[in-house]
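got a predicted structure plus its sequence, pasted below:
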Amino acid sequence: MEKIKIAIIGGTGVYDVEGIKVVDELDITTAWGKPSDKITVGEFQGHKVAFLPRHGKGHFISPTNIPQCANMAALKSLGVEKILAFSAVGSLKEEIKPTDFILPTQIVDRTRHRVDTFYNEGIVVHTSFGDPFCESISLIAQQSLKKLNVKFHTNETLICMEGPSFSTRAESKLYKSWGAGIINMSVIPEAKLARELEMAYQMVCMSTDYDSWREAEGAVTSGDIMAVVGKNSTVAKKLVLEILPQLIELDYDKTEAFNAVKFSVITAHDKRPRDVVAKYEKLLPGYFN
């Protein structure tokens, strides 16, 4: 099958994009199980694009239970090299207002109950993750947001909490005191697993609320968030159409993800379980044999 080099991962309210012709729907099973839902394949300017709803169509999978390993393995099996992911986030700074967009550069992991690596089955791989997002994709997104005249922020740290409940006021104030700018429940392990399979990854965050740190206001609720999601989703879909032409042209070989695993396998050849080698080789041929 023709390789599909670009994937879009949709968050809350971002499930389809007008202007992209749907040409297929793939029901994939990986060695890590099935992804969140069927992967929709669209065509844009003669190029195939894979679309995956992170929480499943209809939002029926909680953040902790998203089959992230299966999601990333399914995309990699299609040939994906570059991922543009969308997510609703809470703001930890006054200047980051609801409906603002954010292109984070760093992550603080506060999750507790998730499998966050592919490499825990007898083969040790230490993948560099110092800069968890793709600068090249971020720069493309910045240019596109400017063109659309959308207010956005860069160089922010994204806290990833476990969920599904929102933060206590004490937690929200703590994260704010660290200097973090935004908070969500989905970037980990998604970003880390993408790097472990050498896929360039950038999350586009859409602010919906002020979390729970504002004493004068009530703590954030789902109702508050959904009131803003629709507006953000409309902009996000326009943004996809602006970004795609440049993302198609982006040289994958010059991204941080290229060869991220190739020289990171530590386990001696004679200690590598053959069944595990076969499993990994399907996604990264030539790296483990």
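Nice, I can see it. Numbers count the residues shown, from 1 in each chain.

for this structure, which residue occupies the most central location?
residue 85 (4.2 Å; CA atoms, centre = their mean).

am I right that residue 108 is in a strand?
Yes: under DSSP: H, G, I helix; E, B strand; the rest coil, residue 108 falls within a strand.

what number of residues lie near it?
Using other CB atoms under 10 Å, residue 108 is surrounded by 16 other residues. For every residue, glycine as well, the C-beta is placed using N, CA and C.

before we move on, back to that, once you drop chain neighbours, what's closest to the residue nearest to the centre of the chain?
Excluding the flanking residues, the one nearest residue 85 by CB to CB, 6 or more residues apart in numbering is residue 9, at 4.0 Å.

dihedrals phi and psi, that neighbour?
Main-chain torsions, residue 9, degrees, to the nearest 10: phi -100, psi 120.

doesn't residue 41 make contact with residue 79?
No: taking contacts as CB atoms under 8 Å, residue 79 lies outside contact range of residue 41: 11.5 Å.

pull out the buried positions in whichever strand or helix holds residue 224.
Using DSSP states H and E, residue 224 falls within helix 222-249. By 16 or more other CB atoms under 10 Å, the buried positions in helix 222-249 come out as 224-225, 228-229, 232-233, 235-240, 242-244, 247.

for that helix, packing partners?
When contacts are defined as 3 or more CB pairs under 8 Å, 6 or more residues apart in numbering; DSSP states H and E, helix 222-249 sits against strand 6-10, strand 39-44, strand 47-53, strand 82-91, strand 101-103, helix 135-147, strand 200-209.

and it, how far from the chain's centre?
Distance of helix 222-249 from the chain centroid (CA atoms, centre = their mean, to the nearest Å) equals 14 Å.

next, the angle strand 200-209 makes with it.
150 degrees (axes from the mean of the first three to the mean of the last three CA atoms, to 10 degrees).

tell me the angle of helix 222-249 relative to helix 135-147?
Going by the same axes, to 10 degrees, helix 222-249 makes 110 degrees with helix 135-147.

any stretches of the stretch 101-250 of the chain with poor pLDDT?
In the prediction, the stretch 101-250 of the chain carries residues with pLDDT under 70 at positions 218-220.

my guess is residue 76 contacts residue 283, does it?
Yes: counting by CB under 8 Å, residue 283 is a contact partner of residue 76 at 4.9 Å.

touching both of those two, which residues are there?
Common contacts of residue 76 and residue 283, defined by CB atoms under 8 Å, 6 or more residues apart in numbering, comprise residue 197.

on that earlier part again, who has more neighbours, residue 79 and residue 41?
Comparing residue 79 with residue 41 by other CB under 10 Å, the one with more neighbours is residue 41, at 20 against 15.

for the more buried one, give me its contacts.
4, 22-26, 48-51.
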